[in-house]
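> Starting from these lines, generate the structure:
(chains A and B, ligands or ions: 2)
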Amino acid sequence: MEQRKVMINVNNLNKSFGELHVLKDVNLEVHEQDVVVLIGASGSGKSTLLRCLNYLEYKESGTITIDGKVIEPDQTDLNKVRQEVGMVFQHFNLFPHKTVLENVIEAPVMVKKIPKEEAIEEGRALLKKVGLADKEHVYPSKLSGGQKQRVAIARSLAMKPKIMLFDEPTSALDPELVGEVLSTMKDLAREGMTMLVVTHEMGFAREAADTVVYMHDGKIVEKGTPSDIFSQPKHQRTKDFLGTIL
Amino acid sequence: MKGLLLTLQITVVSVLIGTVVGLLFAFFKLSNSKILNWIANVYIAIIRGTPLIVQIFFFYFGLAELGISSYWCATLGLALHNSAYIAEIFRGSIQSINKGQLEAGRSLGMSTALAMRRIVLPQAFRRALPPLGNQFIIGLKDSSLAAFISSSELFNVATTQGSRTFEEMTYLLIVAIYYLVLVLLFTLLVNKLERKIAGGDE
Ligand SMILES: Nc1ncnc2c1ncn2[C@@H]1O[C@H](COP(=O)(O)OP(=O)(O)O)[C@@H](O)[C@H]1O
Ligand SMILES: [Mg+2]
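Residues are numbered from 1 along each chain as shown, chains lettered A, B, ... in the order given. Ligands and ions are numbered 1, 2, ... in the order given. Have a look, this model is predicted:
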């Protein structure tokens, strides 16, 4: 195996909501430029795992290391960490009171204090990249779901993150709009972005993933290459789950 | 005419002060601090639980001795009265903004304060506009109570003119029409404003 930097390291991560133990001793490693697809039934803790990685939820125990730095909420500037870990949500969460371009330049200008002209230039380049160059002055309410999600991706990329997290980015979309978002994500993977993606789009996993991770009930049951997981899963649970979605 | 201007002045100034104070108490109510929650709850309960005229007299007798004019006593009384209602308006509108908005801002590296200021509050203000307009209209009519501490605003002018000329009914009718016209004009203005900023909404 080639030696590549470990971008995300999760070690014995635990998280509960009150009595509910949601993540149970989760261990995970994502190397630089890897695309890891996370699958598992609804409620198995996939979103919680992603949200712990950029500290939208606080872990209970265990360690999270991002790009070689151990993240401890009381010692680390979490806002800085979040700048480096982009997140794309199922429901886009675009800012409805801002145009497409304003959505994209908001954080670079307000957080990174990049001069506005520069941010606009970079923002336009990103919009072009996701195929929405002609929409920069449009408000999100005028966009289709697929277009919204592509703006959301551009908005995250504008912070030049080292890692991108995707939480079911296509599951709120009409079927005919899924493809355009997946192809944007594949472009990103090809460019070498490190990505952790929760999705049940098996075509995407086959084509773009280096590793597929199957989660059940807060635990990682199995991980492997897409072909291993899809063709010869080792665990009965994985087989049963794949049976329900394929 | 002077009475009209004073009425408008009392209303606008008291609603402006009420908005600032109201926003402050809305944050108190939304804060994680139990003490701030409690302060806001007590404040709002007292103001909503007592008649406005009592509050105005309270300020009048409390502050007039310190050399503060009856205009400012009335304005401050109305401002604090408005602020309790405005606090509830802002609290509701801030809570009505989807949690995902704050999270999206945070996930881009914004501090909570910045995400509040840039993302949540602008949307919340927009949603608060119709009830704020409503509160302004209530404030406009409530400003007539300032007459009781001899501010020569619209209502006071009407009653003094009325008793001077023994044509109370005429002056009451005139003053009612004044208020009505003011309210209608203002309603038009708010509607226009709402339509203008509706552009970017989801
Ligand atoms: N903020 C929260 N408060 C309480 N329970 C939560 C919260 N978020 C998620 N959960 C619970 O944690 C479990 C895992 O949720 P989630 O991580 O969203 O699963 P998935 O994304 O795999 O569907 C579920 O039982 C869910 O109800
Ligand atoms: Mg989920």
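
> Now chain B against ligand 1: closest residue?
Distance from ligand 1 to each residue of chain B (Cβ to the nearest ligand atom) is smallest for B:Lys99, at 9.6 Å. Glycine gets a C-beta too; all of them are placed from N, C-alpha and C.

> and that residue, how many neighbours does it have?
Using other Cβ atoms under 10 Å in any protein chain shown, B:Lys99 has 10 neighbouring residues.

> Got the confidence number for it?
With respect to pLDDT, B:Lys99 scores 93.

> again, but for B:Ala198
On the pLDDT scale, B:Ala198 is placed at 67.

> Repeat that for A:Leu246.
Listed pLDDT for A:Leu246 reads 70.

> Next to chain B in this structure, residues from chain A, please.
A:54, A:56, A:79-80, A:82-83, A:85-87, A:89, A:91, A:93-99, A:106-107, A:110-112, A:139-141, A:152, A:155-156, A:159 (Cβ under 8 Å from any Cβ of the partner chain).

> among the residues you listed, which are in helices?
Those of the residues of chain A next to chain B mapping onto helices are A:79-80, A:82-83, A:106-107, A:110, A:152, A:155-156, per DSSP state H.

> Please list only the buried members of those.
Among those, those buried by neighbour count (16 or more other Cβ atoms under 10 Å in any protein chain shown) are A:79, A:82-83, A:106-107, A:110, A:152, A:155-156.

> Which pair of the residues you listed spans the longest distance?
With Cβ to Cβ as the measure, no two of those lie farther apart than A:Asn79 and A:Ala152, at 19.3 Å.

> Make CSV from the ones in helices among the residues of chain A next to chain B and add distance to B:Ser152 and pLDDT to it.
Formatted as CSV, these follow (distance: Cβ to Cβ, whole Å; pLDDT from 0 to 100):
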residue, distance to B:Ser152, pLDDT
A:Asn79, 54, 91
A:Lys80, 59, 90
A:Arg82, 58, 94
A:Gln83, 59, 94
A:Glu106, 49, 97
A:Ala107, 53, 97
A:Met110, 48, 96
A:Ala152, 58, 97
A:Arg155, 56, 98
A:Ser156, 60, 97
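
> Please tabulate those in CSV, including the columns distance to B:Val183.
Compiled in CSV, those are given as follows (distance: Cβ to Cβ, whole Å):
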residue, distance to B:Val183
A:Asn79, 46
A:Lys80, 52
A:Arg82, 48
A:Gln83, 49
A:Glu106, 39
A:Ala107, 43
A:Met110, 40
A:Ala152, 43
A:Arg155, 43
A:Ser156, 47
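
> which one among the residues you listed gets closest to A:Lys219?
Nearest to A:Lys219 among those, counting by Cβ to Cβ, is A:Arg82 at 26.4 Å.

> Contacts only, for the nearest residue to the closest one once chain neighbours are set aside.
Here the nearest residue to A:Arg82 in space, its sequence neighbours aside, is B:Gly109; by Cβ to Cβ, 6 or more residues apart in numbering or on different chains that works out to 4.6 Å. With contact set as Cβ atoms under 8 Å, 6 or more residues apart in numbering or on different chains, B:Gly109 has these partners: A:79-80, A:82-83, A:107, A:111-112, A:159.
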